[in-house]
Every structure is written in structure tokens, then in C-alpha cells.
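K.L.:
What shape does this take:
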Amino acid sequence: MTPAPHQRSGRLGVGIVGSGHVGPILGAALAGAGHAIVGISAISAASLERADAILPGVPILPVPEVVERSELVILAVPESELEALVAGLAATKAWQPGQLVMHTVARFGTGVLAPAVALGAIPLAIHPAMAFTGTSVDLARLVESHFAVTAAAPVQPIGQALVVEMGGEPVIVAEADRPAYAEAIATATSFSAAIVEQATGILSEIGIEAPGRLLAPLVRTSVENALRRAP
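P.N.:
Numbering: from 1, shown residues only. Modelled structure (predicted):
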């Protein structure tokens, strides 16, 4: 577990499993709030480069070692990999009593973390409702973002506090409502991307250069107006 100084200061030793677009950014946000990033897992060249750029100096470690060192483990992995990862680490008794385990998948609540809970870990499901680029630009965007927090009632304040420390706004989403929440997120994301791609394609066909720059102010203001009209 993380050394005693982090415990005395009230800060957490945070380990990150996954160096995609989300994990390093959340780690950097928590580091900015005073938490210690004790390790991150990365395999591909792109993920290694991203981890080094966003979290310079943080050790690149195998997943079991990240878990072993951490008071808070962030599982920032794709939805298709999460269940097997949690179960595999449970099979090797990697999870520790009292350890916070947080995943970032929109669709799942804390139920997917049951194998870790069986070994005494404390589960959190926290999803940032934001499209990540995997660059430092995302850190500023976190301040404008809401995070879905799913946790047992006694643990909800911990999840909410972590979100606030990352600069976001926590929103409690019930376990049973996570699939509906995920559907809404996927609908907004895919619809926005499809519309922009279609519109830029049409402009390109008629010879408009840099159609994305042309459409950017229009798309932003149109979306902002629609959101203001939303209940």
C-alpha cells in the first residue's frame, strides 16, 4: 500500500490502469489536487508516449504492481475489457481490503467490481461526460464537465469529493440507471460526430477548404442554443 505520509496528509496514492485518452488526464487532475500518482500501466507506443507527456516521471508498471501500490485504483479501460480485468486481478488476490477501486465505463455501475469487493475493496463507478482528446487540453475541459457517480450511499461522498477535486460537477446516477445513462451519452456523441462528418463532407465536395473551421462556430452555437432550451 502507499506509504504513511499520504495517509497522514489525507491524500491518496493513486494508481492508473490504462493509458488511453481518459486515465492519464484523470490522474493529472488528481495530481493537481495534491494526490500522489504512484504508477500507471501502458503497453503500446502511443500509450507510453501519452503517459509520459501527461504524467511525466510517473512509473510505468505492470498492472498487478499498480494495484499493489495504490490506495485508489482507477480502471480506465474499455467496456469490453473491464469485467475480465477485475475478475483476473481477483483471481490472483491482488485487491486489498479498504482499497478504493474506481472504473470509468459509462454503462456499468459498481456491480462489475464485485470480485474486488469480495476481497474487501471499496467500489466506485465514476464516468466523466466528456469527449477526451488525450491531451492537456482535456484538463481545462474537465472544469466544465459533469461526472456520473454511482456508489453505495456511505461511499457517495468519496466519489463526489474526487470529482470536485478533478474540477468537475458530480451527478448521482443509480446503479439500475447506468445503461440508460450510457445510451444517452452514446447517442449524443455518435449523433454529433455523424452530423459534423456529413456536413464537412458536403462542403468538401463543393470545394470549400477547411470546412471544419467554417462550421465550428455554427455547430458550437447551435448546440449551445439547443442545450439552453433543454429542460
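
K.L.:
now the closest residue to residue 94 other than its chain neighbours: how far from residue 28?
P.N.:
Among residues not flanking residue 94 along the chain, residue 67 sits closest, at 4.8 Å (CB to CB, 6 or more residues apart in numbering). Heads up, the C-betas are built off the backbone N, CA and C, glycines and all. Going from residue 67 to residue 28 by CB to CB, to the nearest Å gives 20 Å.

K.L.:
buried residues in the top helix by length along the chain?
P.N.:
Secondary structure of the chain per DSSP state H: the longest helix is helix 178-205. Buried residues in helix 178-205, counted by 16 or more other CB atoms under 10 Å: 178, 181-182, 185, 199-200.

K.L.:
where along this structure do the helices fall?
P.N.:
4-9, 23-32, 45-54, 63-69, 79-91, 114-117, 137-142, 156-165, 178-205, 211-229.

K.L.:
before we move on, back to that, which secondary structure elements does the longest helix of the chain sit against?
P.N.:
Helices and strands touching helix 178-205, by 3 or more CB pairs under 8 Å, 6 or more residues apart in numbering; DSSP states H and E, are strand 122-128, strand 146-150, helix 211-229.

K.L.:
hey, which of these is tucked in deepest?
P.N.:
Highest mean neighbour count of the helices and strands packed on helix 178-205: strand 122-128, a mean of 24 (counted as mean count of other CB atoms under 10 Å).

K.L.:
Strand partners (parallel or antiparallel) of that strand?
P.N.:
Looking at strand 122-128 with DSSP bridges, its partner strands are strand 100-103 (parallel), strand 146-150 (antiparallel).

K.L.:
could you redo these as a markdown table and give each row mean pLDDT?
P.N.:
Output for those, formatted as a markdown table (pLDDT from 0 to 100):
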| stretch | mean pLDDT |
| --- | --- |
| strand 100-103 | 98 |
| strand 146-150 | 97 |
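
K.L.:
So for residue 88, which of the ones you listed sits nearest?
P.N.:
Residue 88 sits nearest to strand 100-103 of all these, at 13.5 Å, using CB to CB.
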